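Trainee: take a look and give me a structure for this.
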Amino acid sequence: MTSTTEPVAAEPAIAMPLSKGQFIAIMAMLMSINAVSIDMMLPGLQQIGQSLGVADENSRQFVITSYLIGMGSAQLFFGPLSDRFGRKIPLIAGLLIYALCAFAIVFVPSFGALLALRFVQGLGAAATRVISVSIVRDIYGGRMMAEVMSLVMMVFMVVPVIAPSIGQLVMLFAEWHMIFLVISVYAFVATVLVMIYLPETLATDRRRPFTIKGISASFAIVLGNRTALCYALSISFIFGALFGFINSAQQVMVGVFGLGNYFPLVFACFAGLMAVASFTNSRLVGRYGMHRVSHIALLLFVVASAFWALFSAAGFLPFWLFAILYGSAMFQFGLIGANFNAMAMEPLGHVAGTASSVIGFMQTIGGALIGAMIGQAFDGTVTPLAFGFLAVAIIGLFFVLLAERGRLFSSDHHHPAG
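Mentor: Numbering: from 1, shown residues only. Model (predicted):
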């Protein structure tokens, strides 16, 4: 695997009117669309359930799951579409679908209609997830891509820090419906910024045919690469842990630990840890490499999850200990996510859109289903969550070992071929 900071595009210059910092800010805004759609409404889950007649607490989690399934499904479509028609037009189309659905939810009459609109909103959001990564891969490769993705993740992680508080603030003055009006406005602003400032990053001579044969060939390239496939599977399981916590976060923080109105503040602290980890990763990855940093982080993720499960099963888990163990796991997640994504994408620059869509599909659908299973196992304690974290951490480690032929901490420059 070759590490390079040169643009991937064959042409000498993609018209880039943005500075590196401005580019990272717009990419982070696009990536944060999904965090906004999930985290801002978390404080309103209880009110959503009461307003729309949802008696079972765990059923409220489907507001998140339906969105994630929609987002995961459409990624298989937006990737090949962006490889054929370029990045910008499909991205704008997805943003508009997302924004209009968020606006429609303001007037939603029933829980079923809410789930349907959330699913379609997720379809639109898929464009932001797939195409943002593709754009970064169009411009950067190797460790530089991992560094840029880490900085994107760092900025994007600010959103979960503040989003629940914004949701809580909105609900001080209005009903939960207005949260979705704020989400819609955010998406419309992102759309305008993309239309005005973001250039097309996929040169016409690098576009691939949008045919069944062409798409199948691209899918075969992605799924036939052992490194990309195994890292995608690994991060899918680890994402399952994150989604599992998000699904049950309100129940855990308010129901188990009785934090009440402090829930958004505590949630922000945990999200802040991931933002710090993403910044730390951007500093470490250039010096030590993606593999060494992320593999150590994965092992520490396993250890933190094991201690969490052990103390929870033993019945000794005061909030301070939960915060230390869960926070430790989440810090490692910040060191794992950007690197695993970069390592999965690195061998696939020639089919970046399709690669991003397949990897994103696996992460989102796999993570959503695993997260739903973990969330639905909530029994009034954090024990199912702890063992869920431990299980996905071990499975994630298994796939990394498979990708690396049993060798961890290998050099970025001598990574085994797919």
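Trainee: alpha carbons only for contacts and neighbour counts from here, please
Mentor: Fine.
Trainee: so the nearest residue to Ile92 once chain neighbours are set aside is in which element?
Mentor: Once flanking residues are discounted, Ile92 sits nearest to Thr191: 6.1 Å by Cα to Cα, 6 or more residues apart in numbering. Thr191 belongs to helix 177-197 when assigned by DSSP states H and E.
Trainee: which elements pack onto whichever helix or strand comes after that helix?
Mentor: Next along the chain after helix 177-197, taking DSSP H and E as the criterion, comes helix 212-223. Where contact means 3 or more Cα pairs under 8 Å, 6 or more residues apart in numbering; DSSP states H and E, helix 212-223 is packed against helix 226-250, helix 352-361.
Trainee: dump the C-alpha coordinates for helix 212-223 into CSV.
Mentor: Coordinates of each C-alpha in helix 212-223 appear next as CSV, following Å, rounded to 0.1, in the frame of the first residue of the first chain:
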residue,chain,number,x,y,z
ILE,A,212,-25.6,-3.4,-14.7
LYS,A,213,-22.3,-4.8,-16.2
GLY,A,214,-20.3,-1.7,-15.1
ILE,A,215,-21.8,-1.6,-11.6
SER,A,216,-21.4,-5.4,-11.1
ALA,A,217,-17.7,-5.2,-12.2
SER,A,218,-17.2,-2.4,-9.6
PHE,A,219,-18.9,-4.3,-6.9
ALA,A,220,-16.8,-7.4,-7.7
ILE,A,221,-13.6,-5.3,-7.4
VAL,A,222,-14.7,-4.1,-4.0
LEU,A,223,-15.9,-7.4,-2.6
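Trainee: ok, residues contacting it?
Mentor: Applying Cα atoms under 8 Å, 6 or more residues apart in numbering, the external contacts of helix 212-223 come out as Pro80, Arg208, Pro209, Ala228, Leu229, Leu348, Val351, Thr354, Ala355, Val358.
Trainee: just the buried residues from the residues you listed, in PyMOL please.
Mentor: Buried residues within the contacts of helix 212-223, by 16 or more other Cα atoms under 10 Å, are selected in PyMOL with:
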select buried, resi 80+208+228+229+348+351+354+355+358
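Trainee: now for Leu139, how many residues are close by?
Mentor: Quick fix: residue 139 is Ile, not Leu. Neighbour count of Ile139, defined by other Cα atoms under 10 Å: 19.
Trainee: quick one: it and Ser32, what's the gap?
Mentor: Going from Ile139 to Ser32 by Cα to Cα, to the nearest Å gives 20 Å.
Trainee: quick check: which element contains the closest residue to Phe301 other than its chain neighbours?
Mentor: Of all residues not flanking Phe301 in the chain, Ala329 sits nearest, at 5.0 Å (Cα to Cα, 6+ apart). Assigned by DSSP H and E, Ala329 falls within helix 319-345.
Trainee: for Ser312, same thing?
Mentor: Per DSSP H and E, Ser312 falls inside helix 290-313.
Trainee: next one: that helix to chain centre, how far?
Mentor: Centroid separation between helix 290-313 and its chain, computed with Cα atoms, centre = their mean, to the nearest Å, is 19 Å.
Trainee: that helix packs against which elements?
Mentor: When contacts are defined as 3+ Cα pairs under 8 Å, 6+ apart, helix 290-313 packs onto helix 263-288, helix 319-345, helix 383-403.
Trainee: the second one vs helix 263-288, what angle?
Mentor: What that stands for is helix 319-345. Interaxial angle of helix 319-345 relative to helix 263-288 (axes from the mean of the first three to the mean of the last three Cα atoms, to 10 degrees): 50 degrees.
Trainee: can you point out the buried residues in helix 319-345?
Mentor: The neighbour-count check on helix 319-345 (16+ other Cα under 10 Å) flags 322-323, 325-345 as buried.
Trainee: how about the shortest one?
Mentor: Using 16+ other Cα under 10 Å as the burial criterion, the residues of helix 383-403 that qualify are 383-397, 399-403.
Trainee: for stretch 169-186, same thing?
Mentor: By 16+ other Cα under 10 Å, the buried positions in stretch 169-186 come out as Val170, Met171, Trp176, His177, Met178, Ile179, Phe180, Leu181, Val182, Ile183, Ser184, Tyr186.
Trainee: no further questions, thank you.
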